[in-house]
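A.B. asks: Got a predicted structure here, sequence first:
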Amino acid sequence: MQTIPSYRKIWNISYPIILSLIAQNLITVIDTAFLGRVGEVELGASAIGGLFYFSLFMLGFGFGTGAQILMARRNGERQFSEVGKIFDHTIYIFLAMSVLLIALNYMFSTVFLRYFMSSEAIYQASVTYLNVRIWGMLFALTNVAFRAYFVGITKTGLLGYGAALMAIVNIILDYVLIFGHYGFPQMGIAGAALASVISEGVASLFFVLVSIINPANQKFHIFRLPKFNVEIISKTWKVSVFIMLQNFVSVAGWFLFFLVIEQTGERPLAISNIVRSLYMTLMIHIWAFSSSVSTLVSNAIGAGASDKVILIVQKVNKLSMLITLAVILLSVCIPEFLLRIYTDDPVLIAGSLPVFYVVTGAILPLTLATNWFSGVSGTAHTRQALLIEVLCIIIYLLYVFGITFWFKASLPVIWTSEYVYIFTLGFSSYFYLKFGKWQNKLI
């Protein structure tokens, strides 16, 4: 492949990821929209329970990102059979990791949540959600393995179809399980969790079937189920462990942010969950382009073009910023329409608007910061990426705690913490790629 990809190449890699993330994010949007019509307690509890789940999930996602970087490097080196070995070993690890994370949830989640939460109603609803949602970990991590494989070999087209199928199944099951339609039991927040588990399982089955059927995957030797190779696991672990910790720290920072919001009341928590879901939707294309950055950087280094890394990131920045500006302009024209997707309550809509404008303004700098940071990860210097993330989260949380408990700031001001995190992340990542010594990393 070209060491400096064309805009068409960047787009061809990125747009299927965008479609897959849109479909995947619909799960969160629909869950939030349905639960917003059940009650504020359920709406707030789904935020707490969901973020606790994702704190665990991101450990696995980090391993998947490390595997993606390795598969991209081997693809760039044209060692195609090694790609399949890395994929199969990733599946081995995810099977074991799923069992461990499910067990950890049942052993520690109730104690942890009880210690930090002040609302008994939100605590009980969060536990109900988590005890069902956690069983989706096996399918969620399997889907991460397939995402790492398809992105790593820059063949991302199937991701959109799998995620669309998952979203459709989830929407249907949310409707019948949360509210008890068509003879199904009315499960409320537990129904939202069960719908997510089943839809992720359907997506996993889809990826397995199409990967077996498609002859293009034969050269990569996937599903050969090789004998367990400690060296492959060790190499993947060395790249992944810092990404796993980095992702955990990142989501844990958000989780702590929402625990701080919970201390201010049930309504601010409900508003924050609405805005969080909308914010995540508006930044879908950002995550897609950042994923493309890490793959393009790793492929370029594998092809011996380390000197092109910064040029690659800059080129992706131009395309992603263009789309970001379009997203911002559209969003600020129809804010109330977007918020009404989640709730019909005029009080919640009015309270959400100022926070919505705060996070919308953060999207443009986030585009650049995320791409530079993904460039750091793509070089396989994941220890440095972890150190950057930890620094950013510490500064971010100090700001959150200070303005919430010391200055007693309003909810929109508390959400300005996003800018603190984004600018710290962006500048740290840019200076590392510009002046750091990362060019000769072997993996």
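C.D. replies: Yes, it's here. Every value quoted in this text rests on a predicted model; they were computed, and no experiment measured them.

A.B. asks: quick one, what contacts the closest residue in space to Gly76 that isn't next to it in sequence?
C.D. replies: On the basis of CB to CB, 6 or more residues apart in numbering, the spatially nearest residue to Gly76 that is not a chain neighbour turns out to be Gly302, at 2.7 Å. Every residue, glycine included, has its C-beta placed from N, CA and C. Contacts were defined as CB atoms under 8 Å, 6 or more residues apart in numbering; by that measure Gly302 touches Ala72, Arg73, Arg74, Asn75, Gly76, Glu77.

A.B. asks: Report how many residues lie close to the third one.
C.D. replies: When you say that, I think you mean Arg74. Applying the criterion other CB atoms under 10 Å, we find 24 residues in the vicinity of Arg74.

A.B. asks: what's the answer for the last one, then?
C.D. replies: By the criterion of other CB under 10 Å, Glu77 has 15 neighbours.

A.B. asks: The fifth one too?
C.D. replies: Gly76 is flanked by 23 other residues according to other CB under 10 Å.

A.B. asks: outside of the helix or strand hosting Leu325, which residues touch it?
C.D. replies: Taking DSSP states H and E as the criterion, the element that holds Leu325 is helix 309-333. Applying CB under 8 Å, 6+ apart, the external contacts of helix 309-333 come out as 3-5, 7, 10-11, 14, 282, 285-286, 289, 292-293, 296-297, 300-301, 338, 357, 360-361, 363-364, 367-368, 371-372, 374-375, 378-379, 433-434.

A.B. asks: Just the ones of the contacts of Gly302 in strands?
C.D. replies: For the contacts of Gly302, membership in strands holds for none, with DSSP state E as the criterion.

A.B. asks: Need these in CSV (columns: pLDDT and distance to Thr128).
C.D. replies: Below are those laid out as CSV (pLDDT from 0 to 100; distance: CB to CB, whole Å):
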residue, pLDDT, distance to Thr128
Ala72, 80, 40
Arg73, 79, 43
Arg74, 82, 44
Asn75, 78, 43
Gly76, 76, 46
Glu77, 80, 48
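
A.B. asks: With distance to Ile198 as extra columns, can I get those residues in JSON lines?
C.D. replies: Below are the contacts of Gly302 laid out as JSON lines (distance: CB to CB, whole Å):
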{"residue": "Ala72", "distance to Ile198": "31"}
{"residue": "Arg73", "distance to Ile198": "35"}
{"residue": "Arg74", "distance to Ile198": "34"}
{"residue": "Asn75", "distance to Ile198": "33"}
{"residue": "Gly76", "distance to Ile198": "37"}
{"residue": "Glu77", "distance to Ile198": "39"}
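
A.B. asks: Among the residues you listed, which pair sits farthest apart?
C.D. replies: Based on CB to CB, the longest span within the contacts of Gly302 runs between Ala72 and Glu77 and measures 9.7 Å.

A.B. asks: Need the outlier residue of the chain, farthest from its centre.
C.D. replies: Farthest-out residue of the chain from its mean C-alpha position, per CA atoms, centre = their mean: Gly183, at 34.4 Å.

A.B. asks: in the stretch 201-350 of the chain, which spans are helices?
C.D. replies: 230-262, 266-282, 284-302, 309-333, 335-340, 346-378 (DSSP state H, counting those that start in this stretch).

A.B. asks: To clarify, my last question referred to the stretch 1-150 of the chain.
C.D. replies: In chain order, the stretch 1-150 of the chain shows helices spanning 7-36, 40-76, 80-116, 120-133, 137-152, with DSSP H, counting those that start in this stretch as the criterion.
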